[in-house]
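*Asks:* Sequence first, then the predicted structure, then my questions.
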Amino acid sequence: MTALGYVSVVDKRPVRMLIFLNVALVLAVIAFSDGIGELIVRWSKQEEYSHGFLIPIISAWLLWTRREALYASIERASWLGLPLIFVALAMGIVGDLSAVYLLSQVGVVIVLLGIALCVGGAPLLRLCFIPIAFLLFAIPLPYFVDAILTLKLQLISSELGVFFIRLFGIPVYLDGNIIDMGTYKLQVVEACSGLRYLYPLLSLSFLAAYLFHAPLWQRTIVLLSSIPIAIGMNGFRIALVGILVNGWGNQMAEGVLHAFEGWVIFLACAMLLTAEMYVLALVSGKRFMDLFYFPRTFSQAEDKLRSHSIQVYPLLFAVGLLCVGTAFAYFTSQRTEAAQQRTPFAGFPDRLGDWRGRLGSLDNSTEQYLKLDDYILSDYAASDDKSVNLYVAYYASQRGGESPHSPVACIPGSGWAITDIRTMVYKDLDRDEPFNRVIIQKGMVKQIVYYWFDERGRKITNEWWAKYYLLLDAITMNRTDGALVRLATQVFPGETEAAADKRLQTFMKDALPTLAHFLPAGAIIKQAHHEPLGLQSLGVLRTLT
């Protein structure tokens with residue numbers, strides 16, 4: 001019998017519900033198409049995320065293997081799915097406006113959870129929560145987080161590699177991420193940071209923990225242990241390459257053999273994970289196969305299936321909400337970013353007051369890695385020949401994920417050690433100029449670095465605040481342009497840090513008014529509101545506490 005808004009399940013053919021469900025899923029894909037498209041692009045271009053193509057397939061397979069249990073668990077639909085869908089759509093629209101696609105991609109997972117609630121309520125959600133949540137492992141990290149994590153893992157992997165190499169009695173010296181073996185020098189590049197193991201292994205360990213029907217603490221160990229396993233094995237791989245290069249030459253670090261080593265190490269990581277679960281099963285007093293198995297389907301009694309009807313109203317409203325969200329997503333995706341007029345750095349003067357500049361350039365590989373639109377790299381010296389290095393990297397748009405790289409993340413990769421970092425404010429201009437002051441050292445050479453982010457007229461010292469204003473300005477101003485400004489000078493022998501600071505501050509006073517003509521200003525130039533509270537005056541320089 002069919003009542004208005006309900007479909008009887010006596011014949012096991014809830015046709016109306018299935019139609020609405022399929023329509024809802026199609027609308028969700030259309031509404032989040034920009035975020036999904038960005039996912040596919042990054043899966044294709046970044047090898048560390050190439051496993052993302054498999055994640056939706058595995059998730060769908062996990063649901064399909066439990067289809068009988070899913071059908072049996074459908075009870076009264078829940079209206080709580082609608083708020084989830086609304087939140088997901090809002091995330092998708094904000095993500096499209098700002099090109100912070102992480103919001104849209106997480107929104108895909110949330111909208112699927114909301115649809116599950118609208119179909120079968122909490123019982124259905126409990127069964128399909130893990131397969132849907134597994135989709136989160138297909139979402140790449142934001143580019144700037146990815147860059148910072150990559151560099152840190154490069155340094156950790158380099159140190160581990162050198163440790164293993166020395167165990168074999170081979171003399172080796174580590175300079176940043178460069179392993180110097182005397183005759184040969186190996187650079188631990190981004191591809192060897194370990195992320196190509198870490199991300200897929202995290203996905204694998206989550207799936208393994210799901211299939212490992214052991215106590216929660218054992219499942220947690222299985223999931224978290226993938227991090228040290230991936231990092232440690234990557235360090236071992238680097239050491240293996242170094243040992244082979246030391247014995248047979250540089251060709252051992254290139255080509256098919258190098259790729260083969262990568263696959264062998266990943267398989268070794270998977271075997272370590274399996275061995276770990278085997279040991280944990282023994283700790284529980286059981287065999288491995290007693291605890292590791294695919295979720296078993298179950299079928300509730302048919303009398304229970306006949307005892308209720310499938311309510312389609314929540315799903316019907318979900319379809320309507322998704323229709324509205326899809327329309328909004330379409331209009332926001334058609335918006336083009338406002339173009340900014342600026343003078344290219346090719347016209348930047350080589351004379352700034354008493355300073356004379358000598359233009360430099362980045363090598364091709366660095367330019368391709370940074371993906372910047374324009375830059376200037378120049379050494380300026382006054383009458384005493386003590387120079388200040390000026391580097392400004394400009395990005396016309398950060399919608400595609402490319403953004404200025406923080407010097408704090410990049411400096412250690414060149415072998416420099418950061419010995420001090422603090423945030424300051426320079427007050428000798430018309431308005432306060434906040435900047436980060438970093439002291440770096442390599443051997444006996446010491447430098448002082450000033451840097452800040454120039455984001456649409458704002459001077460910002462914190463990467464996370466920069467991302468916040470990127471999101472805000474993308475929505476309110478339709479702009480995502482920005483730049484990194486970096487000044488550096490050496491603390492020469494016999495010179496104090498105060499003298500080097502004075503040189504940088506003098507150059508700032510001469511350079512910043514000119515630089516303003518090459519970086520587009522924003523509608524809001526006010527500085528103090530985006531910095532942390534608690535300014536302490538220190539004369540010309542103030543430290544932000």
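*Replies:* Okay, I see it. Computed from a predicted structure; not experimentally measured. Numbers count the residues shown, from 1 in each chain.
*Asks:* Show me which positions of stretch 392-406 end up buried.
*Replies:* For stretch 392-406, the neighbour count (16 or more other Cβ atoms under 10 Å) marks 392-399, 401-406 as buried. C-beta: built from backbone N, CA, C; applies to glycine.
*Asks:* How about residues contacting the helix or strand where Ala28 lies?
*Replies:* When elements are assigned from DSSP states H and E, Ala28 belongs to helix 15-31. With Cβ atoms under 8 Å, 6 or more residues apart in numbering as the test, helix 15-31 has contacts from 7, 36, 89, 92, 108, 111-112, 115, 118-119, 310, 312, 315-316, 318-319, 322-323, 325-326, 329.
*Asks:* Any of the residues you listed buried? List them.
*Replies:* Using 16+ other Cβ under 10 Å, the buried members of the contacts of helix 15-31 are 7, 36, 89, 92, 108, 111-112, 115, 118-119, 310, 312, 315-316, 318-319, 322, 325-326, 329.
*Asks:* so how far is the strand or helix carrying Ile418 from its chain's centroid?
*Replies:* Element membership of Ile418, judged by DSSP H and E, is strand 417-426. Mean C-alpha position of strand 417-426 versus that of the full chain (Cα atoms, centre = their mean, to the nearest Å) differs by 25 Å.
*Asks:* Return the list of strands paired to that strand, each annotated with direction.
*Replies:* If you go by DSSP bridges, strand 417-426 pairs up with strand 433-442 (antiparallel), strand 541-544 (antiparallel).
*Asks:* Restrict the following helix or strand past the longest one to CA atoms and write it as CSV.
*Replies:* Using DSSP H and E, the helix or strand that follows strand 433-442 towards the C-terminus is strand 445-455. Presented in CSV, the C-alpha positions along strand 445-455 are these (Å, rounded to 0.1, in the frame of the first residue of the first chain):
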residue,chain,number,x,y,z
VAL,A,445,78.2,33.1,8.7
LYS,A,446,75.2,34.9,10.2
GLN,A,447,72.4,36.8,8.4
ILE,A,448,69.4,38.8,9.5
VAL,A,449,66.2,38.4,7.4
TYR,A,450,63.1,40.6,7.4
TYR,A,451,60.0,39.3,5.7
TRP,A,452,56.2,39.8,5.5
PHE,A,453,53.3,39.1,3.2
ASP,A,454,51.8,41.9,1.2
GLU,A,455,48.2,40.8,0.7
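*Asks:* Name the residues that touch strand 445-455?
*Replies:* 404, 406-407, 411, 416, 433-441, 459-461, 463, 466, 469-470, 473, 482-491, 497, 500-501, 504, 508, 519, 522.
*Asks:* Quick check on the residues you listed: which are buried?
*Replies:* Counted by 16+ other Cβ under 10 Å, the contacts of strand 445-455 give 404, 406-407, 411, 416, 433-440, 459-461, 463, 466, 469-470, 473, 482-491, 500-501, 504, 508, 519, 522 as buried.
*Asks:* Could you tell me which of the residues you listed belong to helices?
*Replies:* 407, 463, 466, 469-470, 473, 500-501, 504, 508 (DSSP state H).
*Asks:* Can you report phi and psi for Ser104?
*Replies:* When read as degrees, to the nearest 10, the backbone of Ser104 gives phi -60, psi -40.
*Asks:* check contacts around it.
*Replies:* 32, 34-36, 38, 91-92, 95-96.
*Asks:* Quick one, which of those residues has the minimum pLDDT?
*Replies:* Here the lowest pLDDT out of these sits on Asp96, with 78.
*Asks:* my guess is it contacts Gly37, does it?
*Replies:* No. The criterion here is Cβ atoms under 8 Å, and Asp96 misses it with Gly37 at 10.7 Å.
*Asks:* more neighbours, the two?
*Replies:* Asp96 (28 against 13; other Cβ atoms under 10 Å).
*Asks:* Quick check: which element contains that one?
*Replies:* helix 81-98.
*Asks:* Please point out which parts of that helix sit buried.
*Replies:* In helix 81-98, counting by 16+ other Cβ under 10 Å, buried: 81-82, 84-86, 88-89, 91-98.
*Asks:* what angle do that helix and helix 15-31 make?
*Replies:* Interaxial angle of helix 81-98 relative to helix 15-31 (axes from the mean of the first three to the mean of the last three Cα atoms, to 10 degrees): 20 degrees.
*Asks:* For stretch 516-530, the averaged confidence score.
*Replies:* 61.
*Asks:* hang on, the earlier thing: in the following helix or strand past the helix holding Ala28, which residues are buried?
*Replies:* Counting by DSSP H and E, the next helix or strand C-terminal to helix 15-31 is helix 33-45. The neighbour-count check on helix 33-45 (16+ other Cβ under 10 Å) flags 33-36, 38-39, 42-43 as buried.
*Asks:* In contact with the residue nearest to Ser361 when sequence neighbours are not counted, which residues?
*Replies:* Distances taken as Cβ to Cβ, 6 or more residues apart in numbering place Leu377 nearest to Ser361, at 6.2 Å, with adjacent residues excluded. Leu377 is in contact with 359-362, 389-391, counting by Cβ under 8 Å, 6+ apart.
*Asks:* Any of the residues you listed buried? List them.
*Replies:* Here, 16+ other Cβ under 10 Å leaves 389-391 buried among those.
*Asks:* Excluding chain neighbours, what is closest to Ser73?
*Replies:* Pro123 (4.2 Å).
*Asks:* what's the closest of the contacts of Leu377 to Ala230?
*Replies:* Closest approach between the contacts of Leu377 and Ala230, by Cβ to Cβ: Leu362, at 31.4 Å.
*Asks:* So that closest one sits against Asp374, correct?
*Replies:* No. In this structure, Leu362 is not within contact of Asp374 by Cβ under 8 Å, at 11.7 Å.
*Asks:* So Leu512 versus Phe331, what's the distance?
*Replies:* 40 Å (Cβ to Cβ, to the nearest Å).
*Asks:* same check, this time on Cys118
*Replies:* Relative to Phe331, and taking Cβ to Cβ, Cys118 is found at 25 Å.
*Asks:* His517 too?
*Replies:* Taken as Cβ to Cβ, the span from His517 to Phe331 is 35 Å.
*Asks:* same thing with Gly81?
*Replies:* Using Cβ to Cβ, Gly81 is found at 25 Å from Phe331.
*Asks:* Check Lys467 too.
*Replies:* 25 Å.
*Asks:* cool, Leu372 as well?
*Replies:* 31 Å.
*Asks:* next one: Leu224
*Replies:* From Leu224 to Phe331 the distance is 43 Å (Cβ to Cβ).
*Asks:* Tell me which of the strands paired with strand 417-426 sits nearest to Met181.
*Replies:* Here strand 433-442 is closest among the strands paired with strand 417-426 (Cβ to Cβ), at 19.5 Å.
*Asks:* Flag the shaky bits of the stretch 1-150 of the chain, pLDDT-wise.
*Replies:* Within the stretch 1-150 of the chain, the segments meeting pLDDT under 70 span 1-14, 99, 144, 147.
*Asks:* distance of Val111 from Leu155?
*Replies:* Following Cβ to Cβ, the distance that separates Val111 from Leu155 is 39 Å.
*Asks:* repeat for Ala500
*Replies:* Ala500 is 26 Å from Leu155, by Cβ to Cβ.
*Asks:* Then Tyr101?
*Replies:* For Tyr101 relative to Leu155 (Cβ to Cβ), the value is 28 Å.
*Asks:* Ile227 too?
*Replies:* In terms of Cβ to Cβ, Ile227 sits 16 Å off from Leu155.
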